[in-house]
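K.L.:
the following comprises the amino acid sequence and a computationally predicted model.
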Amino acid sequence: MNFSSKFIKYILLLAAIGGVFLLVYSPHFSYPFPFHVDEWHHLSEALRMHDNYFDYLTMEPQRRASGLELGFHFFLFGLSWFGDLVLWYKFLPAIWAAIGAVVLFYVVYQKTQQDFLTGWLAVLFFGSIKSNVNLMGLWFFTPLTLAIPFIFLYSYFLDQGIQHKNKKQILMSLVIMAGLTLVHPISVLFFLPIAAVYGIFNYRYLISEIKFFSIFIILFFAGVGFYMAVMGVGISTVWFRLWQQIQFKSGWGVLELNNSPLELYSWIGYLLALVGIIQIIIVRKSKQFLLYLIWPLVLVGYLVFYQWQGFSILAPYQRNWYYLVISLPILSAVGLSAVIRDVVYFIRKLKAGVSWQLDKLAVVLIIVTTFGLVFFGYYHLPPKLDLYRTIDQNDYQTLLLMKTLPAGLVIAPSFISTALYPVSGHEPLGTIAFYGSRRDVEDFFAAPDCAARSQVLKDKNIDYLISPYPIDCEFGTLINQVGRNNIYQIINL
């Protein structure tokens, strides 16, 4: 098939990138708010910067160290000055997926000596990566998804820099890694063994430039310094704390499941990735694509180690699945591109009695059939991993009304509490995760009588109560009712 026309290329590329945007945005067609509790958490951390964010950098018993993702929260904080971040957060996953697709196309296009077909196919395979609430993915805007384009870039510049002995490109990789460490440290940590194995294959160059590569040691100690500042630990305990924190044991995630390889990527995508590996070896391009062969092999090693030992190092088991899958669109595209070219070559050898249009028809059929199979089941999520709606429009209107009231501590159902601070600015007693005590909230709503509920309100010094049903007790005054939600001010304790 002739891809020589620039106009056709631009149209096909824009269509592919636009398709990625729409595919990732599609869950929000019927829901205008963030889906995942992690998204609400990052919203909360970013919006706290309008008050005094730095009080929230250190670890608390019931939430993770948000300070290690400081760069992501600064990014959201900057965006919050341009409008209501809660309402247009829904666009960010799709926008960033489109950016990731553009970067991936650039990387593949350059790696394949400007082969448009392979780069374009890589974009389609990238768009086919699935999401769920356990392994995360493109549907959610989190530090993981913000990191994806930068992972593609730093791996590409490191690869090119070493292959072509270009120190400028290696420095570009280093700068991107350093910046990404402030946004999502594990999106750099997971890659270190990959880079180490790659370095072993290129040891002669590394040894010849040992002074230059010592810069990476400086980056390491700068990262340790950042960790010490954020976590408030001294030099005597930092190494022990670091070792503890780079071990991710079973139970790290809210859900611990026996994940299927098909949760994130299609079977035909895996098959074509294998074809791509074979093709790279057959045509003797292993050196050119060495980094992209090492990457999935190391990640498979991570996953096997976790199943064997019950913990992983450098990155959590769930995230390692995703780091594996984002390495595959390149290989899948190489595989499918090879299949297409072999079919076209075979058809053109049959010249006699064969229409010149047959090769083009074959290409279209191969692409349509392949991606019909690739995207089949894209919206089918495993049991317990389907999207959930943290709040609805009624809850949102309730929280907007809360925004007009003086700030205070609020007890509300855990899901509503998760969106409480980002929308209203009030502090929740407990959310689904990260803040306060969800158990206290559940105990309050499960309490058998007014006396037990009053005791919880008194012990926790609660200012407001949001209840999805009327509560006939004398500890508060009904301020307003928004649909099913009742807002009480606590005054009689």
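P.N.:
Ah, there it is. Residues are numbered from 1 along each chain as shown.
K.L.:
ok, and what's touching stretch 476-491?
P.N.:
Here stretch 476-491 makes contact (CB atoms under 8 Å, 6 or more residues apart in numbering) with 394-395, 397-398, 401-402, 405, 416, 457, 462-471, 475, 492. From N, CA and C alone the C-beta is placed, and that goes for glycine too.
K.L.:
kindly check the end-to-end length of it for me.
P.N.:
5 Å (CA to CA, to the nearest Å).
K.L.:
take the contacts of stretch 476-491 and keep only those in strands.
P.N.:
Tyr464, Leu465, Ile466, Ser467 (DSSP state E).
K.L.:
which among those gets closest to Leu373?
P.N.:
Ile466 (47.1 Å; CB to CB).
K.L.:
quick one: contacts for the residue nearest to that closest one when sequence neighbours are not counted?
P.N.:
Spatial nearest neighbour of Ile466, chain neighbours left out: Ala412 (3.7 Å); criterion: CB to CB, 6 or more residues apart in numbering. By CB under 8 Å, 6+ apart, the contact set of Ala412 is Leu420, Pro428, Leu429, Val441, Leu465, Ile466, Ser467.
K.L.:
next, count neighbours for the residue nearest to the fifth one when sequence neighbours are not counted.
P.N.:
Meaning Leu465. Of all residues beyond its chain neighbours, the one nearest Leu465 is Tyr488 (4.2 Å), with distances taken as CB to CB, 6+ apart. Residues contacting Tyr488 under the criterion other CB atoms under 10 Å number 22.
K.L.:
pull the distance from the strand or helix carrying Tyr488 to the chain's centre.
P.N.:
Under the criterion of DSSP states H and E, Tyr488 resides in strand 485-490. Offset of strand 485-490 from its chain centre (CA atoms, centre = their mean, to the nearest Å): 36 Å.
K.L.:
the residue nearest to Ile466 and Met402: what is the separation?
P.N.:
9 Å (CB to CB, to the nearest Å).
K.L.:
overlap in contacts of these two?
P.N.:
Common neighbours of Ala412 and Met402 (CB under 8 Å, 6+ apart) are Leu420, Ile466.
K.L.:
so where is the chain shaky, pLDDT-wise?
P.N.:
1-4, 52-68, 226-227, 230-232, 250-257, 351-356, 492-493 (pLDDT under 70).
K.L.:
can you map out the strands along it?
P.N.:
Going by DSSP E, the chain shows strands at 247-249, 311-313, 409-411, 427-428, 464-467, 476-482, 485-490.
K.L.:
sorry, back to before: buried only: go through the contacts of stretch 476-491 for me.
P.N.:
395, 398, 401-402, 405, 416, 457, 462-468, 475 (16 or more other CB atoms under 10 Å).
K.L.:
may I ask which two of those are separated the most?
P.N.:
Between any two of these (CB to CB), the greatest distance is 22.7 Å, for Asp395 and Phe475.
K.L.:
distance of the residue nearest to Leu465 relative to Phe77?
P.N.:
Tyr488 is 32 Å from Phe77, by CB to CB.
K.L.:
cool, Val86 as well?
P.N.:
Taken as CB to CB, the span from Val86 to Phe77 is 13 Å.
K.L.:
go on, Leu117?
P.N.:
41 Å.
K.L.:
of the two, which one has the most company?
P.N.:
Leu117 (21 against 17).
K.L.:
which ones are touching the closest residue to Ala46 other than its chain neighbours?
P.N.:
In space, and not counting its chain neighbours, Ala46 is closest to Leu76: 3.4 Å by CB to CB, 6+ apart. Residues near Leu76 by CB under 8 Å, 6+ apart: His42, Leu43, Glu45, Ala46, Leu47, Leu85.
K.L.:
specify which member of the residues you listed is nearest to Leu121.
P.N.:
For these, the nearest to Leu121 is His42 (32.5 Å; CB to CB).
K.L.:
list the contacts of that closest one.
P.N.:
Taking CB under 8 Å, 6+ apart, one finds Glu69, Phe72, His73, Leu76, Phe141, Thr142, Pro143 in contact with His42.
K.L.:
ranking the residues you listed by neighbours, who comes first?
P.N.:
Result: Phe141 is most packed of these (other CB under 10 Å), 27 neighbours.
K.L.:
quick check: that residue vs Pro382, distance?
P.N.:
22 Å.
K.L.:
same check on Leu264?
P.N.:
Look at Leu264 and Pro382: by CB to CB, they are 10 Å apart.
K.L.:
next: Ile281.
P.N.:
According to CB to CB, Ile281 and Pro382 sit 34 Å apart.
K.L.:
of these two, who's got more company?
P.N.:
Pro382 (16 against 12).
K.L.:
mind listing what the nearest residue to the more buried one once chain neighbours are set aside touches?
P.N.:
Closest residue to Pro382 in three dimensions, ignoring its sequence neighbours and counting by CB to CB, 6+ apart: Glu263, at 5.8 Å. Neighbour list for Glu263: Lys130, Asn132, Leu135, Trp321, Pro382, Leu385 [criterion: CB under 8 Å, 6+ apart].
K.L.:
not counting residues beside it along the chain, what's closest to Arg348?
P.N.:
Asp359 (6.0 Å).
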